[in-house]
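In: Return a 3D structure for these sequence lines:
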Amino acid sequence: MKPTLQIPLLVAYMVLAASPAWPDTENLKVQQVITDLAGAYMAFPQTLDRHSVLKYFAQDYSFIDEAGPHSLQDIERMLADLEQELPRGPVVITEQISEIAVRVEGVLAWATYWDRVTIARHGDTTDDVAHCTAIFRKLPTGWVYQHEHCSSHTSDKDAEHNELTKLTRHIDRTVGE
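Out: Have a look, this model is predicted:
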């Protein structure tokens, strides 16, 4: 390629790379990660495919809710517990993600969204609505959750959840002492 042609091509590439269209594309990719994870979680009782859920998390992922801090290992344990529970009867998970707002800055992104999870099992239903803030990191394979914080707003029919969360937090502290 002639040197006189290389310079205009390099300039054109730099202009396109700095274009505001890139952040929009990355915003959509982060939104897709959020909704795809919800889909993988809902499908898990049928697929038992742990990787379909875990692939959305960084290895050093952390999560905080009313019960305290959690890690990727806690998600792995939750999936294993769910697998063990399935022989006792069907588990139906419904998750609705709404009002997603994403901001991307280079290889980091953050998002806020509402997450409603309903779990029906053995004649009981748990309904939890949470407002979440998540931080994402871009890896060569795509965007992954780095950290997440969710504040729950349980429905009236699931008021026991608040007491159970307090009890779990108390037991965790007592056992850890």
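In: residue ranges of the helices in the protein, please?
Out: 3-17, 21-47, 50-54, 72-85, 160-176 (DSSP state H).
In: average model confidence for the third one?
Out: Predicted confidence along helix 50-54 averages 95 (mean pLDDT).
In: Return the distance of that helix from the chain's centre.
Out: Distance of helix 50-54 from the chain centroid (Cα atoms, centre = their mean, to the nearest Å) equals 12 Å.
In: ok, and for it, which residues are buried?
Out: Residues 50, 52-54 are the ones in helix 50-54 that count as buried (16 or more other Cβ atoms under 10 Å). For the C-beta atoms, the positions are set from N, CA and C on the backbone; glycine is no exception.
In: Then stretch 126-141?
Out: For stretch 126-141, using 16+ other Cβ under 10 Å, the buried residues are 126-130, 132, 134-136, 138.
In: Would you mind giving those as a markdown table with pLDDT added?
Out: Listed next are the buried residues of stretch 126-141 as a markdown table, based on pLDDT from 0 to 100:
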| residue | pLDDT |
| --- | --- |
| 126 | 88 |
| 127 | 89 |
| 128 | 90 |
| 129 | 93 |
| 130 | 93 |
| 132 | 95 |
| 134 | 97 |
| 135 | 97 |
| 136 | 97 |
| 138 | 97 |
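In: Distance-wise, check residue 58 relative to residue 49.
Out: 19 Å (Cβ to Cβ, to the nearest Å).
In: And the two? Which one has more around it.
Out: Neighbour tally, residue 58 and residue 49, criterion other Cβ atoms under 10 Å: the higher count belongs to residue 58, 16 against 13.
In: thought that one was touching residue 145?
Out: Yes: at 6.5 Å, residue 58 and residue 145 qualify as touching, with contact defined as Cβ atoms under 8 Å.
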